[in-house]
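# Predicted model and sequence below, questions to follow.
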Amino acid sequence: MDLDQIKTFDRIAQDLSFTKAAARLNVTQATVSMRMRALEDLLGVPLFHRGRKVTLTDQGMTFLPYARRILSTAQEAREALRRADRGRITLACLRSLVSPLVTDSLVRFQDRHPGIDVIVYEGQHRHLTAMLHDRQAELGIVAWPNLDPLVQDLEPLVIMREAAPLVVAPEIAAQLPRDYTIADVLALVPRVIALRWWQVDPDGAAALAQRAATCVELPTGPARRLVIKGAGFGVFVRSAIIDDLEEGRLVEIQPVDFEPLHRDTALVTLTPSALDRPIVRDFANEIALECEKVGTVIENRIAAVR
């Protein structure tokens, strides 16, 4: 199995035509046919139904995502090799923390190291731990503690605690009585917005969703807009809504029967020796500085990790 065969298979799957695939790949149709016969012989299954119309077999449909993963990995490897001469750092970061923790730290870092490439991947916790496990990223900013049973050896470099306030629109907050409860809030806004800030929802967040007449789960952007319109309320990490709070679009509320929540996150590495590279240690220190601005740093082990 070689990349030319995989590329040809993917091209035929897109065009559903051996003739069109040959034209796009700038090879002869005979070459396309030869590559597919060789690939099918190797795999031991037919990948296409051939006839007046070309269609994928069930085996072809099964193989297609793996083929595309192979092509994507090969492209990433070529890109990594291209960047190796320049030097680079890879970071996998929770989507909600890219802006508050990475933006300014990256600018300061590259002001000092203009020749170093920084690649930032964003996603949910399970995606990030997989990137760290597969060595796609040297550093990660993930939920803490890490509960992923498949990646248990993450080394925390910086652990940060961030407040996660319950917020509503100003006009909703203005209608709440003195010493109000969650029931008072739900009477005004029956829709609770659930955002998966945690790997496992804290009891308070889970109980809130269960008491609501309606509960929806949305990405941060649409969730913010819904709350600002007074059409819902929910728990947001402070860094995601700090501008809304400061400019009065959202108001933090503290019902007497609702315990304040927080989220812990950590800057981690799978291999502590990653900090042996001075540029990685320097970038990690810049992120640690942003952690101090966004939340409370519970622990900073960067200096201790060798």
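That came in fine, so what should we check first? Residues are numbered from 1 along each chain as shown.
# center of this protein, which residue is that?
Residue closest to the average C-alpha location in the chain (Cα atoms, centre = their mean): Gly123, at 0.5 Å.
# and the gap between the closest residue to that one other than its chain neighbours and Ala209?
The shortest distance from Gly123 to any non-neighbouring residue, by Cβ to Cβ, 6 or more residues apart in numbering, is to Arg95 (6.3 Å). Where C-beta positions appear, they are placed from N, C-alpha and C, glycine not excepted. Arg95 is 21 Å from Ala209, where distance means Cβ to Cβ, to the nearest Å.
# What sits closest to Arg281 if chain neighbours are left out?
Closest to Arg281 by Cβ to Cβ, 6+ apart is Leu275, at 4.7 Å.
# The one you found in helix, strand or coil?
Put simply, Leu275 is helix when judged by DSSP: H, G, I helix; E, B strand; the rest coil.
# go on, Val216?
Per three-state DSSP, Val216 ends up strand.
# what's the pLDDT at it?
Val216 carries a pLDDT score of 92 in this model.
# List the contacts of it.
Each residue near Val216 by Cβ atoms under 8 Å, 6 or more residues apart in numbering is listed here: 191-194, 226, 232.
# cool, Ser33 as well?
Phe18.
# Can you tell me which helices and strands the lowest-mean-pLDDT helix or strand in the chain packs against?
Ranking every helix and strand in the chain by mean pLDDT, DSSP states H and E puts helix 58-84 at the bottom, with a mean of 83. Packed against helix 58-84 by the contact rule (3 or more Cβ pairs under 8 Å, 6 or more residues apart in numbering; DSSP states H and E) you find helix 3-15.
# in what helix or strand does Tyr121 lie?
Here Tyr121 is covered by strand 117-123, with elements defined by DSSP states H and E.
# which helices and strands sit right next to the helix or strand that comes right after that strand?
Next helix or strand after strand 117-123 toward the C-terminus (DSSP H and E): helix 125-133. The helices and strands touching helix 125-133, judged by 3+ Cβ pairs under 8 Å, 6+ apart, are strand 88-94, strand 117-123, strand 139-143.
# highest average neighbour count across those?
Greatest average neighbour count among the helices and strands packed on helix 125-133 goes to strand 139-143 (a mean of 26), per mean count of other Cβ atoms under 10 Å.
# Following that one in sequence, what is the next regular element?
Note on strand 139-143: by DSSP H and E, the next helix or strand toward the C-terminus is strand 155-164.
# So what's the gap between that next one and the chain middle?
Mean C-alpha position of strand 155-164 versus that of the full chain (Cα atoms, centre = their mean, to the nearest Å) differs by 17 Å.
# mean confidence for that strand?
Here the average pLDDT along strand 155-164 is 96.
# where does the protein dip in pLDDT?
Counting by pLDDT under 70, the ranges of the chain that qualify are 79-86, 305-306.
# which residues touch Glu246?
With Cβ under 8 Å, 6+ apart, Glu246 has no contacts at all.
# hang on, Pro114 in a helix?
No - read with three-state DSSP, Pro114 is coil and lies in no helix.
# Okay, it and Arg88: tell me how far apart.
Computed as Cβ to Cβ, the Pro114 to Arg88 distance reads 13 Å.
# where's Lys20, which helix or strand?
Assessed by DSSP H and E, Lys20 sits inside helix 18-25.
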